[in-house]
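>>> coordinates only, no sequence provided:
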């Protein structure tokens, strides 16, 4: 059994949010302190020292109210002391509060904490400036080289259209930002529009009414970078990509989540032939390609609940429901091949526990029956590394060296309960 240690104790939340929370030197964990009011009302991003328990505030939004701007869902840069997180628009108010399409990515360089960096430019006055977006980004994730950030996205103009017409058009999709160029917006400074330090683009097309039985997608989410440096393509080169869950319709018209892969080219500043949404000018970059990996629609319990990938990018790992009705871990080669169920637990795996590959090891961590397990790909064996906890661990996050696993537990404090941070060491 590994050794558990609690490192936060104060009467507030410390939400790891299933992100990459360890600092490059593995000495700090970043988190937000949101309560049930959510990210829009959250007043700070903090970090805690894993050795001493010291807490430091990294960022606080100016003029914070219950309606925004708010901040949350923080992730560390892999090699530099920088943190990226969700930030609500500075113009948030009671009339126009924080929402999915009223937010952006903020970067804080800890060497210059008083100079926060706006990641993605915003331009809601068509035609949208190339490299800018017109909505809100979420769940920002650095690439291993720190030059890219992936995110999910909702569109402000389509949200307005949906409110006016009642037709479902504000569909979630995916995008990426690259640090190759900053973006200046003509109408910046209004509170709704602003410049961004990185160039951004959407990378998956979504449609309101997917054709039943087709590979068309109505929503893309649950995304992560595929492998540490992509996956090996047929010609032997490494292809940068993200894996995600695409919401499709089966032959009967029922919505099913399936695993997809989207290839990301080296440049995203040249428009391709596809639009992210119909009847918009939001072009997907040239060279972006997405493809469906799983086809669970004919299973007794169809659908996929979470997807990750091996560090070398060769395998995709996901949760799906087995013939006995329990969520289990499956593997499938990224380039196609035999799908394999690799866990056969007598109780269902817990989705919000997360499935995370252990750095430096060909192993996957997961939570089942309030217990943390490791599955060894090499040995095709699962084994528990903790006893069964009385309180469920979730939001698993590995240190870069694979020696420490951090997670949240919700502990009672009188009549209240707070998310606290725990460490597991070998």
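Sure, I can see it. Since the structure is predicted, the reported quantities are computational estimates derived from the model, not experimental observations. Numbering: from 1, shown residues only.
>>> residue 328 touches residue 339, doesn't it?
No - applying Cβ atoms under 8 Å as the test, residue 328 and residue 339 come out as separate, 11.8 Å apart. All C-beta spots, glycine's among them, are computed from the backbone N, C-alpha and C.
>>> out of the two, which sits in the busier spot?
Remark: of residue 328 and residue 339, residue 328 carries more neighbours, 20 against 16, as counted by other Cβ atoms under 10 Å.
>>> residues contacting the more buried one?
Applying Cβ atoms under 8 Å, 6 or more residues apart in numbering, we find residue 328 in contact with 319-322, 341-345, 348-349.
>>> now do 6 Å
Residues counted as contacts of residue 328 (Cβ atoms under 6 Å, 6 or more residues apart in numbering) are 322, 341, 343.
>>> which among those residues end up buried?
Buried by 16 or more other Cβ atoms under 10 Å: 322, 343, out of the contacts of residue 328.
>>> mind listing what the helix or strand hosting residue 246 pairs with, with the direction of each?
Taking DSSP states H and E as the criterion, residue 246 maps to strand 241-249. Counting by DSSP bridges, the strands paired with strand 241-249 are strand 219-225 (antiparallel), strand 255-263 (antiparallel).
>>> and the pLDDT for the residue lying closest to residue 147 once chain neighbours are set aside?
Nearest residue to residue 147, sequence neighbours excluded (Cβ to Cβ, 6 or more residues apart in numbering): residue 179, at 5.3 Å. Reading off the confidence values, residue 179 has pLDDT 98.
>>> how far does the strand holding residue 246 sit from the chain's center?
Strand 241-249 sits 13 Å away from the centroid of its parent chain (Cα atoms, centre = their mean, to the nearest Å).
>>> residues touching residue 178, list them.
By Cβ under 6 Å, 6+ apart, residue 178 lies in contact with 148, 199, 268.
>>> can I get those residues in JSON lines with secondary structure and pLDDT?
Shown next, in JSON lines, are the contacts of residue 178 (DSSP: H, G, I helix; E, B strand; the rest coil; pLDDT from 0 to 100):
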{"residue": "148", "secondary structure": "strand", "pLDDT": "98"}
{"residue": "199", "secondary structure": "strand", "pLDDT": "98"}
{"residue": "268", "secondary structure": "coil", "pLDDT": "98"}
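>>> show me the helices in the protein, by range?
156-165 (DSSP state H).
>>> low-confidence regions, it specifically.
Along the chain, the model assigns pLDDT under 70 to no residue.
>>> show me what contacts residue 197?
Residues in contact with residue 197 (Cβ under 6 Å, 6+ apart) are 117, 182.
>>> let's see 8 Å
By Cβ under 8 Å, 6+ apart, residue 197 lies in contact with 107, 117-119, 179, 182.
>>> residue 379: how many residues sit nearby?
Look at residue 379: counted by other Cβ under 10 Å, it has 10 neighbours.
>>> repeat for the one 4 residues further on
Close neighbours of residue 383, defined as other Cβ under 10 Å, add up to 10.
>>> can you pull the contacts of the residue nearest to residue 147?
146-148, 197-199.
>>> about what we covered before: want to throw the contacts of residue 328 into TSV with distance to residue 353?
Shown next, in TSV, are those (distance: Cβ to Cβ, whole Å):
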residue	distance to residue 353
322	17
341	18
343	13
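>>> ok, residue 210 touching residue 250?
No - applying Cβ under 8 Å as the test, residue 210 and residue 250 come out as separate, 10.0 Å apart.
>>> give me the buried subset of the contacts of residue 197.
Buried subset of those (neighbour count, 16+ other Cβ under 10 Å): 107, 117-119.
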